[in-house]
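S.K.: Quick one: sequence and predicted model below, then my questions.
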Number of protein chains: 2
Amino acid sequence: MRLTSKGRYAVSAMVDLNKQQNGPVTLAAISERQFISLSYLEQLFRCLRESGLVKSVRGPGGGYLLAKTAKDISIAEIIRAVNEPVRTTMCENGVRGCHRGNRCDTHQLWESLGQHIYRFLDAVSLEQVCAKDAVLDHIELGNVEDYLSSRTLPEGSVKIEAIS
Amino acid sequence: MRLTSKGRYAVSAMVDLNKQQNGPVTLAAISERQFISLSYLEQLFRCLRESGLVKSVRGPGGGYLLAKTAKDISIAEIIRAVNEPVRTTMCENGVRGCHRGNRCDTHQLWESLGQHIYRFLDAVSLEQVCAKDAVLDHIELGNVEDYLSSRTLPEGSVKIEAIS
DNA sequence: TATAAAGCCGACTATTTTAGTCAAGTATAA
DNA sequence: TTATACTTGACTAAAATAGTCGGCTTTATA
């Protein structure tokens, strides 16, 4: 998972989409409200649609709708949708593995951090971002010990960068 | 705070440095062990020195030493040291603030995430990374509610990217 | 005091990623 | 049948990152 303005744009657009109540929302409208170029939005929404987060209605009066309720869409999903598929660079894979230098020592650290970010963003729903004053349950998000003990990552998990 | 390979290189180099026990360590030696170019290491160590994490000994037999004990150096410090100073892009600052689109809605989310990452990396010391089998205290790292309630950030805090 | 080891420093280049554009489609409501 | 709006792929520009180069300064030691 990369944390760039691309992902932020996508989240802003989804927040906008969720706020509109009356039928399909055109990208042109989102573009005006969110100050994101139409062409760029098209690119983002292609990803969002392919990930099953939004559905499109073509033709006049068309636009985009959320494919699920806002409660069931996490911020992590949105960000993952608009970024490249994760290349999981585990120790075992590839020629530039962890056998060089101290990378293996630090590998676990980066992986744990990735998990940490993932858990955070996965625990926040689109609905929560739209209604910031809601009272949320306390969610335990892990601790430093994780980075010593954790071995397995959920499928399609977090990547900060190419982690060797 | 940016999470790039630059920061990872710096952490690897610091791990290497901490593992050596006998006097100053030359960059040439670290370069060989960690497969990082000498020139690049010079650049990194300039930052590390200016941040007070290492001290240098010039002349023959010289090299670098940790300026503090490994227990007192956090991973966050190392990463901050080699990255540009944080430009805190708060709502109030600059012309491209939060008055455009939904950015203000999501601003708090990104800031909270930044804090979250910061807390994680600040809770892990260089010593802990070097001795992964140590038993660590459980450290509470915050929850989703933070992102609703938190308003202030520590000086020189985390940045994921230019957060508008 | 000459020499070589080692850090110090600034400017430069290359590469990659990100952001954004363009042009030419297709589906469909009115 | 026409205008709206999504669809798609290729392209370009800008920025950030990664890495290089050349020359300088300090200092232990022979």
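M.R.: Right, received. Where do you want to start?

S.K.: Only C-alpha atoms from now on, for both contacts and neighbour counts.
M.R.: Will do.

S.K.: And the strand or helix carrying residue A:32, what does it pack against?
M.R.: For residue A:32, the element it lies in under DSSP states H and E is helix A:27-34. When contacts are defined as 3 or more CA pairs under 8 Å, 6 or more residues apart in numbering or on different chains; DSSP states H and E, helix A:27-34 packs onto helix A:5-19, helix A:38-50.

S.K.: tell me the most buried of those?
M.R.: Mean neighbour count (mean count of other CA atoms under 10 Å in any protein chain shown) peaks for helix A:5-19 among the helices and strands packed on helix A:27-34, with a mean of 21.

S.K.: just to revisit the earlier point, briefly note if the helix holding residue A:32 comes near DNA strand D.
M.R.: Yes: Helix A:27-34 lies within reach of DNA strand D by CA under 7 Å from any atom of the strand, at A:27-28.

S.K.: list the buried ones in that helix?
M.R.: Buried residues in helix A:27-34, counted by 16 or more other CA atoms under 10 Å in any protein chain shown: A:27-28, A:30-31, A:34.

S.K.: mind checking which of the helices and strands packed on helix A:27-34 is nearest residue A:116?
M.R.: helix A:5-19 (17.7 Å; CA to CA).

S.K.: Pull the closest one out as PDB, backbone CA atoms only.
M.R.: The C-alpha coordinates for helix A:5-19 follow below in PDB (Å, rounded to 0.1, in the frame of the first residue of the first chain):
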ATOM      1  CA  SER A   5      -2.000  11.900  -3.200                       C
ATOM      2  CA  LYS A   6      -3.500   9.500  -5.600                       C
ATOM      3  CA  GLY A   7      -5.000   7.600  -2.700                       C
ATOM      4  CA  ARG A   8      -6.000  10.800  -1.000                       C
ATOM      5  CA  TYR A   9      -7.800  12.000  -4.200                       C
ATOM      6  CA  ALA A  10      -9.600   8.700  -4.300                       C
ATOM      7  CA  VAL A  11     -10.700   8.900  -0.700                       C
ATOM      8  CA  SER A  12     -11.900  12.500  -1.200                       C
ATOM      9  CA  ALA A  13     -13.800  11.500  -4.300                       C
ATOM     10  CA  MET A  14     -15.500   8.600  -2.400                       C
ATOM     11  CA  VAL A  15     -16.400  10.900   0.400                       C
ATOM     12  CA  ASP A  16     -18.000  13.200  -2.100                       C
ATOM     13  CA  LEU A  17     -19.800  10.400  -3.800                       C
ATOM     14  CA  ASN A  18     -21.200   9.200  -0.500                       C
ATOM     15  CA  LYS A  19     -22.400  12.600   0.400                       C
END
